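Visitor: no sequence for this one, just the structure:
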């Protein structure tokens, strides 16, 4: 990668180099374990002209998303987050309140986890989801879903067939597309001339401040501040009018945008968050220089804990097989000798193995059967939810381990 994918500048500075890893969602079947496995560099850089943080587009969305292992509905807290969002958005945007028929489109709608709440309210909607398998699950759940990637042409075709959308939702997808300009133009093609676009994406500010380096993986092509998001939205004719700070995924931003012609002045919250980013040094290189050293410490601390536990004869297993966990496992070089297996609620992953590190993925019931000394929680962003779900490990004196933002060993109680 020699030029910024947003502004075209060649002024790219290194933030952290995580070596080479396989794509984080390419879970292996048993008959693939003796076959070659591709790995790609994972090197985060930031453009010092527009301040978009990015990795090289070494894999394509088509490789990742035609069949996808992630189903949003398996996270209880995420489903509740979606339900709350829909209720709030109906009020904010005034969907159907004037007696007219409203229309909502969600891009990267996954298994219908969000739009099912729209369907339940009797509001017309459509999901646009590229993954065949999760899109089929959405349709089975009663959510109309188009199997397609968003592009300007796709957006125009949907608009021509279904009409313009009063609200376009794009949660946890704005980082997943290398053609950020074309994708943004697709959003503009979908939305009505007086409509709204809502985007949720991880906030680079918390990624840096909280050492969340495991959320850097090949599916995430770019990492946004509000400042760089304003520039990205403008590339497609959208203007940021408001921003919300969310706790999801360790710290996200919800961007509310409208077509530039009707946007008006942004809220005071936009200026407030821009000031926070500037104070953190994210509009100059000062905020990035120490990140690599903090990443190295996370790695050393986790490996030291796992090695010492193994030497004491204690057992450590994992909970969850998220994409972020595979960045962590590969960067740390963790293999089954240090983490004998991990479990996941998603049955799609059962019997498979983590990419690169070849750690078996089993059903969650295995933890209670084996009674390990420690459970390493890989989706650390769900700490409150999983601490409650895993409270039963206290029955045999087991403890939970959270690797990020720093190593934390927790004794759980009922």
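Guide: That came in fine, so what should we check first? What you are looking at is a predicted structure, and each value in this text was computed from that prediction instead of being measured.
Visitor: okay, how far is it across stretch 259-266, tip to tip?
Guide: From its first residue to its last, stretch 259-266 covers 13 Å (Cα to Cα, to the nearest Å).
Visitor: give the buried residues for it.
Guide: With burial defined by 16 or more other Cβ atoms under 10 Å, the residues of stretch 259-266 counted as buried are 259, 266. Using the backbone N, CA and C atoms, a C-beta is placed for each residue, glycine as well.
Visitor: what do you get for stretch 175-195?
Guide: Across stretch 175-195, burial judged by 16+ other Cβ under 10 Å covers 175-180, 182-192, 195.
Visitor: could you do stretch 142-151 as well?
Guide: By 16+ other Cβ under 10 Å, the buried positions in stretch 142-151 come out as 143, 145, 146, 147, 149, 150, 151.
Visitor: likewise stretch 75-87?
Guide: Counting neighbours by 16+ other Cβ under 10 Å, one finds that the buried residues in stretch 75-87 are 75, 78, 79, 81, 82, 85, 86.
Visitor: contacts for that stretch?
Guide: By Cβ atoms under 8 Å, 6 or more residues apart in numbering, the list of residues contacting stretch 75-87 from outside reads 72-73, 113-114, 117-118, 121, 169, 171, 198, 248, 382, 384-385.
Visitor: which of these fall within strands?
Guide: By the criterion of DSSP state E, membership of the contacts of stretch 75-87 in strands covers 169, 171, 198.
Visitor: against residue 241, how distant is residue 95?
Guide: 17 Å (Cβ to Cβ, to the nearest Å).
Visitor: and the two? Which one has more around it.
Guide: In terms of neighbours (other Cβ atoms under 10 Å), residue 95 is the more surrounded of residue 95 and residue 241; the figures are 23 against 20.
Visitor: which secondary structure state does the more buried one sit in?
Guide: Under the three-state scheme (DSSP: H, G, I helix; E, B strand; the rest coil), the conformation of residue 95 reads as coil.
Visitor: just to check, it is in contact with residue 166?
Guide: Yes - here residue 95 lies in contact with residue 166, judged by Cβ atoms under 8 Å, at a distance of 6.0 Å.
Visitor: quickly list what's touching both of these two.
Guide: Both residue 95 and residue 166 are contacted by 102, 104, under the criterion Cβ under 8 Å, 6+ apart.
Visitor: re earlier: can you tell me which of the buried residues of stretch 75-87 end up in helices?
Guide: When DSSP state H is applied, the buried residues of stretch 75-87 are split such that 78, 79, 81, 82, 85, 86 fall in helices.
Visitor: next up, phi/psi of the nearest residue to residue 355 once chain neighbours are set aside, please.
Guide: In this structure, residue 355 finds its nearest non-sequential neighbour in residue 22, 3.9 Å apart by Cβ to Cβ, 6 or more residues apart in numbering. Backbone geometry at residue 22, expressed as degrees, to the nearest 10, gives phi -70, psi 160.
Visitor: right, and residue 22 touches residue 330 too?
Guide: Yes - using Cβ under 8 Å, residue 22 makes contact with residue 330 at a distance of 7.2 Å.
Visitor: overlap in contacts, these two.
Guide: With Cβ under 8 Å, 6+ apart as the test, residue 22 and residue 330 both reach 355, 356.
Visitor: any chance of the buried residues of stretch 75-87 in CSV, with distance to residue 256 and pLDDT too?
Guide: CSV is the format used below for those (distance: Cβ to Cβ, whole Å; pLDDT from 0 to 100):
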residue, distance to residue 256, pLDDT
75, 24, 70
78, 20, 77
79, 22, 83
81, 16, 90
82, 17, 91
85, 12, 95
86, 15, 95
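Visitor: mind jotting down where the helices sit in the chain?
Guide: Read by DSSP H, the chain holds these helices, from start to end of the chain: 61-65, 76-93, 115-120, 132-140, 152-162, 180-190, 204-209, 226-234, 268-279, 291-311, 323-332, 365-370, 383-389.
Visitor: got those as CSV, with distance to residue 27 columns?
Guide: As requested, the helices of the chain are arranged in CSV below (distance: least, Cβ to Cβ, whole Å):
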stretch, distance to residue 27
helix 61-65, 12
helix 76-93, 20
helix 115-120, 26
helix 132-140, 13
helix 152-162, 28
helix 180-190, 26
helix 204-209, 24
helix 226-234, 31
helix 268-279, 35
helix 291-311, 22
helix 323-332, 9
helix 365-370, 17
helix 383-389, 20
